[in-house]
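S.K.: My questions are about this predicted structure, shown below with the sequence.
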Amino acid sequence: KPAYEIPLRLVGSEMCIRDSIQPADEQQNEVEQEEAQQREARLTSLNSRVRLRNLERTLMRMASTIRKGPGKSQAYLGILVGLIFIKRSSDQFANIQHEFIQRLVEDGMTDEQAVAEAEFPENYPDSTLFCPPEARWVTNDGQGICQAGDVGLGNRLRDAVRALERTNPRMEMALSTSVDFSAMEGNKRILKDADYKRLIDEMNFNLSDAFLEFPDIMGAAYEFTVRNFTQHEEGRDAGAHYTPRELVDLLVRILDPVNGDTIYDPSSGSGGMLIYSKNHVDRVEGESENLWLYGQELKGTSWAMSIV
């Protein structure tokens, strides 16, 4: 049967559907109809704006899957952050690469030449987090992370993190030292490949800038995850791991940075204060072209989130 075509506005890695939807006929049973509806709902969500409350609900569902394993909370946190990092990197780069290819075609290249040229990391600004094919959520050849089966999926995710670090020198050792998709607890793997498949299926949203409710939603989602994974561990308070956004906002308002300033956060976490500082300057002065932002962070997972 021919695949049923749904009109969609999709770019790059926004589309992640393993099976084509077949046209309904008289013999289609209720199970098939339900599956078709679920696929359509997933496609629709990929075109929707990512709101924090919805992202938090998804993260809680993913956390419930992860906590079934035998590991400790820090291992779980690393796995969840690693998945968010890969998804965000892939989605954001897909849009950047798409725009780059369009510019090359407008300048006279053929589509094939432009696509080939877009695969060289050196063709992008240093600020771009280049996502190599091994780490892409969706690829045209059907070999993307969310298109793969569940066999060997943990190793595939591990290799994706390594590829991202290898291709982006500033990310060296940022995640691989704190995220292990093949981690063991005793003689058992923390998560099975089938668990990773369920987690990936939950991530049916687009994390590129164009779809985010507000610029710092990634930091807010990361802090939500940290809070829920660490606040009960060993009696430690979640405040030791993140700074409440209300406090960050107050601090930035007191500092009142202006265009041309240099802002440094010695414990930058997921980069929230730096993002708030830029937004403050944009709001007050209209632009922040000459604002310099610096930060350092001990935890690899936090540093990785600040990069994306």
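M.R.: Ah, there it is.

S.K.: check contacts around the closest residue to A160 other than its chain neighbours.
M.R.: Among residues not flanking A160 along the chain, A135 sits closest, at 3.9 Å (C-beta to C-beta, 6 or more residues apart in numbering). The way it works is simple: take the backbone N, C-alpha and C, and place the C-beta from them, glycine included. By C-beta atoms under 8 Å, 6 or more residues apart in numbering, the contact set of A135 is 86, 89-90, 145, 160-161, 163-164.

S.K.: Apply 6 Å and report the result again.
M.R.: Contacts here follow C-beta atoms under 6 Å, 6 or more residues apart in numbering; on that basis A135 touches 86, 160, 163-164.

S.K.: Nearest residue to the middle of the protein?
M.R.: The centre of the chain sits closest to R88, judged by C-alpha atoms, centre = their mean, with a distance of 2.2 Å.

S.K.: Was I right to think that one contacts L207?
M.R.: Yes. Using C-beta atoms under 6 Å, R88 is in contact with L207, at 4.2 Å.

S.K.: before we move on, the earlier item: now do the helix or strand containing the residue nearest to the centre of the chain: distance to the chain's middle.
M.R.: R88 belongs to helix 73-106 when assigned by DSSP states H and E. For helix 73-106, the gap between its own C-alpha mean and the chain's C-alpha mean amounts to 6 Å (C-alpha atoms, centre = their mean, to the nearest Å).

S.K.: following it, which helix or strand shows up next?
M.R.: helix 111-117.

S.K.: on contacts alone, who are the packing partners of that following helix?
M.R.: When contacts are defined as 3 or more C-beta pairs under 6 Å, 6 or more residues apart in numbering; DSSP states H and E, helix 111-117 packs onto helix 73-106.

S.K.: So what's the model's average confidence on the helix it packs on?
M.R.: For helix 73-106, mean pLDDT rounds to 89.

S.K.: Just the buried positions in that helix, please.
M.R.: For helix 73-106, a neighbour-count test (16 or more other C-beta atoms under 10 Å) marks 73, 75-97, 100-101, 104 as buried.

S.K.: before we move on, what about stretch 50-64?
M.R.: Quick answer for stretch 50-64 (16+ other C-beta under 10 Å): 50, 55, 58-59, 62-63.

S.K.: and which of these is nearest to N259?
M.R.: V50 (29.3 Å; C-beta to C-beta).

S.K.: Isn't that closest one up against F211?
M.R.: Yes. At 5.1 Å, V50 counts as touching F211 under the criterion of C-beta under 6 Å.
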